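Asker: Model the structure of this input:
(chains A and B)
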Amino acid sequence: MNSARVELRGIGVRYPASNRDAVANVDLTIAPGELLVFLGASGSGKSTLLRTINRLVVPTTGTVVIDGEDAALRPAPELRRGIGYVIQAGGLLPHLTVGQNIAIVPELLGWEKSRIAARVDELLHMVRLDPSYRARLPRRLSGGEQQRVGVARALAAEPALLLMDEPFGALDAIVRSELAGEILRIHRDLGTTIVFVTHDIDEALRLADRIAVFHDGRMLQADVPLRLLTHPADPYVAELTDASDVLRRLGVMHAADAATAEVPASVADGAARIDARSTLRDALGRMLLEGEPLLVVEDGRTRGILRFATIAAALRR
Amino acid sequence: MSWLLAHPFEVSELVGQHLAIVGTALAAALAIALPLGYWAARRPAATGPIYGIFGAIYTIPSLALLALLVPILGLGFWTAVVALAAYAQMILIRNTAAAFQGIDPAQVEAAAGLGMTRAQQLWRVELPLALPVIVGGVRIATVALIAIASVAAWINAGGLGMLFFDGIHRNDVQKIVAGCIASAALAVIADALLRGIERIVRS
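Answerer: Residues are numbered from 1 along each chain as shown, chains lettered A, B, ... in the order given. All right, here's what the predicted structure looks like:
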């Protein structure tokens, strides 16, 4: 597993022409392997803070520490070659083929040609693009395909940290959701630490191990999705997450969290089954269609049962 | 036409001189316009005065510009080159600046984010992306210079203009027509050639 720890210590950013902090005094530690989402409206400072991590923005105050080392002490190009970076649609270089785009960082690092070629093939496979895409120019690709290439390019040199700045912002909802699924899969497979910027609360809830909410340059709260919904630390967070939205809350709770431990003998065999990792939102949908109870199973073993009442109890907890 | 065919060696020598003047002037002009255009692209405040100065030079009639330069630089090849290079500046700087301004800043930032140094960003990203527009400017400047270079014969710099001045001097219409055809043909060929290059760098 190749995953970095990132510590943001007292980060503040003020642009020269501005009389207001773009980012104000943020302290945050991102654990190795964590998928942390920066959530906020445009102008909230979330992107600026992200860009202090790879030094595209130099913080006015504070220190970025990556794996125990002050990031400011390394030359910026060298630092960036070790950090994957994905931005909104414009990121691919239009005069280079897909293969050449993916090869940029390995080339900067001086890898051998054969190793680069093998890595490009491996990455196209990882982001589920046909090997024939290697020779195509970015403009011949759909928006979703371009962004898959963007992800492959960012992962090319096996970075321990991946920064994603509204990567799916320009895509339609279906492609967006599909790519979010790919990110979750890649994160699970590689264990890379990921910082993901979005203004979309549902995207944040789906992806995040933890969400940091930003408003006017300040970080209001950093917490796991369920805590953010149930214990908002600030009226703005409550408004943004709209905690009264019950379905949204069920969307971040898992079947295993609400299942009763014991299974009455009467329901053991006939009942419909649901995976323990499914969200309670999915479970509720299934129960509305197929009736209660649902048998919660994990890796083939029964974990308990779900009823309407157990879901309601979990919500009140 | 018949004069052209009857004097192939004289004509090809004049074409050679013509191309030497235009080529040298273009090279000199590019050496100034590329860095200046790149610099101006990032400083919108500077483009006004730069365009103003070279725009003013561009409006001076070519004969008058040569007449102004002769007392300073004397007669001959290099005086013609200086005058033509000054004319080309206007076209080349505008195109170069526009070429660099037309690049999506997100692409340059992506390159920086991947870990390219400033020089790598320039050579691997900005220059290749700007090249089609720059070559377009070179094409327009070349065609313009081929036309203007005819005047260079007036200050003993040679070129196809010799045919005009000789023709006028000796009242020889054949020669004048021959000069017109030759310089027009040269311009058309240069235009086609550079269009081809433009197409290659664009794809």
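
Asker: what's the following helix or strand after the helix or strand where residue A:12 lies?
Answerer: Assigned by DSSP states H and E, residue A:12 belongs to strand A:6-13. Toward the C-terminal end, the helix or strand that comes next after strand A:6-13 (DSSP H and E) is strand A:23-30.

Asker: Which strands and helices lie in contact with that next one?
Answerer: strand A:6-13, helix A:46-53, strand A:61-66, strand A:218-223 (3 or more CB pairs under 8 Å, 6 or more residues apart in numbering or on different chains; DSSP states H and E). For every residue, glycine as well, the C-beta is placed using N, CA and C.

Asker: Please dump the ones you listed into TSV; it should also carry mean pLDDT for every row.
Answerer: Formatted as TSV, those follow (pLDDT from 0 to 100):
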stretch	mean pLDDT
strand A:6-13	95
helix A:46-53	95
strand A:61-66	96
strand A:218-223	94
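
Asker: ok, and for stretch B:101-115, which residues are buried?
Answerer: B:101, B:103, B:107, B:108, B:109, B:110, B:111, B:112, B:113, B:114, B:115 (16 or more other CB atoms under 10 Å in any protein chain shown).

Asker: quick one: contacts of it?
Answerer: A:54, A:56, A:77-82, A:85, A:87-88, A:90-94, A:104-105, A:108, A:153, B:41, B:120-121, B:124-126, B:129-130, B:133 (CB atoms under 8 Å, 6 or more residues apart in numbering or on different chains).

Asker: Tell me, please, where in chain B the pLDDT is lower than the cut-off.
Answerer: B:1, B:203 (pLDDT under 70).

Asker: element containing residue A:116?
Answerer: Taking DSSP H and E as the criterion, residue A:116 maps to helix A:113-126.

Asker: can you list contacts of that helix?
Answerer: By CB under 8 Å, 6+ apart, the list of residues contacting helix A:113-126 reads A:98-99, A:102-103, A:106-107, A:111, A:130-131, A:133-134, A:152-153, A:155-156, A:186.

Asker: circling back to that earlier point, strand partners of the strand holding residue A:12, parallel vs antiparallel please.
Answerer: Note on strand A:6-13: by DSSP bridges, its sheet partners are strand A:23-30 (antiparallel), strand A:61-66 (antiparallel).

Asker: returning to that earlier point: including mean neighbour count and distance to residue B:186, could the helices and strands packed on strand A:23-30 go into CSV?
Answerer: Shown next, in CSV, are the helices and strands packed on strand A:23-30 (neighbours: other CB atoms under 10 Å in any protein chain shown; distance: least, CB to CB, whole Å):
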stretch, mean neighbour count, distance to residue B:186
strand A:6-13, 19, 58
helix A:46-53, 24, 52
strand A:61-66, 17, 60
strand A:218-223, 20, 67
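
Asker: List just the nearest of the buried residues of stretch B:101-115 to residue B:145.
Answerer: Using CB to CB, residue B:101 comes nearest to residue B:145 of those, at 24.5 Å.

Asker: what's the next secondary structure element after the helix holding residue A:116?
Answerer: As assigned by DSSP H and E, the chain's next helix or strand after helix A:113-126 is helix A:143-155.

Asker: What residues does chain B have near chain A?
Answerer: Contact residues (CB under 8 Å from any CB of the partner chain) of chain B with chain A: B:104, B:106-107, B:109-117, B:120, B:125, B:128-129.

Asker: how about the strands in chain B?
Answerer: Applying DSSP state E to chain B gives no strands.

Asker: Can you give me the neighbour number for residue 34?
Answerer: Let's take chain A. 20 (other CB atoms under 10 Å in any protein chain shown).

Asker: my bad, the chain I had in mind was chain B
Answerer: When neighbours are counted by other CB under 10 Å, residue B:34 comes out with 18.

Asker: Spell out which parts of the stretch 101-250 of chain A neighbour chain B.
Answerer: A:104, A:105, A:108, A:153.

Asker: How about residues contacting the strand holding residue A:12?
Answerer: Taking CB under 8 Å, 6+ apart as the rule, strand A:6-13 contacts A:21-30, A:45, A:48-49, A:52-53, A:57, A:59-66, A:161, A:193, A:195, A:217.

Asker: Using CSV, write out every CA atom in that strand.
Answerer: The C-alpha trace of strand A:6-13 is given here as CSV (Å, rounded to 0.1, in the frame of the first residue of the first chain):
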residue,chain,number,x,y,z
VAL,A,6,-0.9,15.0,4.9
GLU,A,7,-0.9,17.5,7.7
LEU,A,8,-2.1,21.0,7.1
ARG,A,9,-0.9,23.2,9.9
GLY,A,10,-2.4,26.7,10.3
ILE,A,11,-2.7,27.1,6.5
GLY,A,12,-3.8,30.6,5.5
VAL,A,13,-3.9,32.1,1.9
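
Asker: tilt between it and strand A:218-223?
Answerer: Angle, strand A:6-13 to strand A:218-223, by axes from the mean of the first three to the mean of the last three CA atoms, to 10 degrees: 160 degrees.

Asker: what's the closest of the strands paired with strand A:6-13 to residue A:303?
Answerer: Using CB to CB, these put strand A:23-30 closest to residue A:303, at 30.9 Å.

Asker: So for that closest one, mean pLDDT?
Answerer: With pLDDT averaged residue by residue, strand A:23-30 scores 94.

Asker: So which residues make contact with it?
Answerer: By CB under 8 Å, 6+ apart, strand A:23-30 touches A:5-13, A:36, A:45, A:48-49, A:52, A:59, A:61-62, A:193, A:195, A:212, A:217-219, A:222.

Asker: Next, the angle helix A:46-53 makes with that strand.
Answerer: 60 degrees.

Asker: relative orientation of the helix or strand following strand A:23-30 and strand A:6-13 in degrees?
Answerer: Note on strand A:23-30: by DSSP H and E, the next helix or strand toward the C-terminus is strand A:35-40. Using the same axes, to 10 degrees, the direction of strand A:35-40 lies 20 degrees away from that of strand A:6-13.

Asker: what helices or strands is strand A:35-40 leaning on?
Answerer: Where contact means 3+ CB pairs under 8 Å, 6+ apart, strand A:35-40 is packed against helix A:46-53, strand A:193-198, helix A:201-207, strand A:210-215.
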